[in-house]
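Asker: Need coordinates for the below:
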Amino acid sequence: MRSAPTLPLAMRRGLRRSQRGVVLFIALIVLVAMTLAGIAVMRSVDTNNLIAGNLAFRNAATSAGDAGIEFARDWLTSKTAGFLEADTAGYYANWQDPFNHKTFNWQTSAVNLGNDGYGNTIYYVIHRMCKESGKSLNGTECFKKEAEASGGSKGGDEGTPPTPVARAYFRITSKIVGPRNTVSYIQAFVY
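Answerer: Take a look at the predicted model:
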């Protein structure tokens, strides 16, 4: 029987030296680094999606706040000047110094328009920009728009100038509570 050929001693020693497992160790390090990079990218994408969703909810709530401003403006235009001298639900005949929209009791002191169908609950409150309640615009300190012409010519009486009318400013504050605890506030000044 023939024995298997053997390599010379010098060649056998060279093969043992070159096979130390260094390549396997480097491959494992690269694999761990790639796994960590993949996890970081996944978390980044999840965070970006969460931020984009929250921004969309905030923008939707802010858009719903325009409805609160419009309802309040329509309510103001339907009232007479004498009615606007006294406080009513959701309306204050003075500016309530200091007014803080975050500590204000929206559930009991504002008008609740209810849900808009998209999960947003809309509130509004109106403040007449006068220092004191219960007085007409002439008898109290009010922020007023300068007197402007009102009326105009009537029939054939073209020589009569229009009567100037001063109008008070009103601050309308709208609070919107939306999905995911989204809260937005919008203010507008109208006269």
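Asker: C-alpha from now on. contacts and neighbour counts both.
Answerer: OK.
Asker: For Asp46, give its distance to Ala27.
Answerer: Going from Asp46 to Ala27 by Cα to Cα, to the nearest Å gives 29 Å.
Asker: The chain: helices as residue ranges?
Answerer: 9-18, 22-77, 106-109 (DSSP state H).
Asker: so which of the ones you listed gets nearest Gly90?
Answerer: Relative to Gly90, the nearest member of the helices of the chain by Cα to Cα is helix 106-109, separated by 5.8 Å.
Asker: What are the contacting residues of the closest one?
Answerer: Residues outside helix 106-109 that contact it (Cα atoms under 8 Å, 6 or more residues apart in numbering) are Ala89, Gly90, Tyr123, Val125.
Asker: Can you convert those residues into TSV and add a column each for pLDDT?
Answerer: Formatted as TSV, the contacts of helix 106-109 follow (pLDDT from 0 to 100):
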residue	pLDDT
Ala89	84
Gly90	88
Tyr123	93
Val125	93
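Asker: State the pair within those residues that is farthest apart.
Answerer: Ala89 and Tyr123 (11.8 Å).
Asker: if you count what's nearby, which of the two comes out ahead?
Answerer: Between Ala89 and Tyr123, Tyr123 has the larger neighbour count (other Cα atoms under 10 Å), namely 26 against 11.
Asker: What spatial separation is found between the more buried one and Phe83?
Answerer: As for Tyr123, its distance to Phe83 is 21 Å (criterion: Cα to Cα).
Asker: Same question for Val23.
Answerer: 88 Å.
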